[in-house]
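J.: Provided below for reference: sequence and predicted model.
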Amino acid sequence: MRHSEISAHFRDQADRLLAGDLNRISQEYAFPLPIHFPNDLAVAFNLEDSSAILARRRAELVARGVVALRPSITAVDLPRAGRFRVWVDWKEQTAAEAEMRGSSAIYYCRAAATGLQTEMIQYTYVSPPGQGPQQDDLALSA
């Protein structure tokens, strides 16, 4: 897969997440889908599980006033046996046009006939719920 296709995939996912099109995102996952958080692990065994996890994530974003998510791909592995990792930094933008770091994750992917499919997600950073941009900057500087 080309870098432009991977970038478009994650931009589409961000738009669908904020629009609430959670089933469509879930269709791009391979199950079971382990999701590693810095201090937790969730496993989505099916579309319903992943949609529920995405719904919680969407609720957190809406509560913080996020109106746009912008993925920044920082690295892509060379494919091995059709599988590769994608490092993504997610920037959150609020209605007040403040942009803050939202999360950083490594996506374990494979190229499928239908497009990019995610087999596992490993978050290396997640902005705490309710934390604003100034608090986020202070937390990162600590």
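T.: In hand now; what should we look at?

J.: how about the helices of this structure, start to end?
T.: 3-19, 22-26, 47-63, 133-141 (DSSP state H).

J.: Among those, which comes closest to Arg83?
T.: Nearest to Arg83 among the helices of the chain is helix 3-19; the distance by CB to CB comes to 13.3 Å. Where you see a C-beta, it was placed from the backbone N, CA and C, and this is true even at glycine.

J.: hmm, who's touching that closest one?
T.: By CB atoms under 8 Å, 6 or more residues apart in numbering, the residues outside helix 3-19 that reach it are 22, 24-25, 28, 54, 57-58, 61, 66-71, 73, 76, 86, 88, 90, 115-116.

J.: Give the buried subset of these as a PyMOL selection command.
T.: To isolate the buried members of those in PyMOL, using 16 or more other CB atoms under 10 Å:
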select buried, resi 22+25+28+54+57+58+61+66+69+71+73+76+86+88+90+116
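
J.: circling back: so which of the helices of the chain gets nearest Tyr107?
T.: Across the helices of the chain, Tyr107 has its closest neighbour in helix 3-19 (8.1 Å, CB to CB).

J.: and Leu18, how many residues sit next to it?
T.: Neighbours of Leu18 under the rule other CB atoms under 10 Å: 15.

J.: Thank you kindly, that will do.
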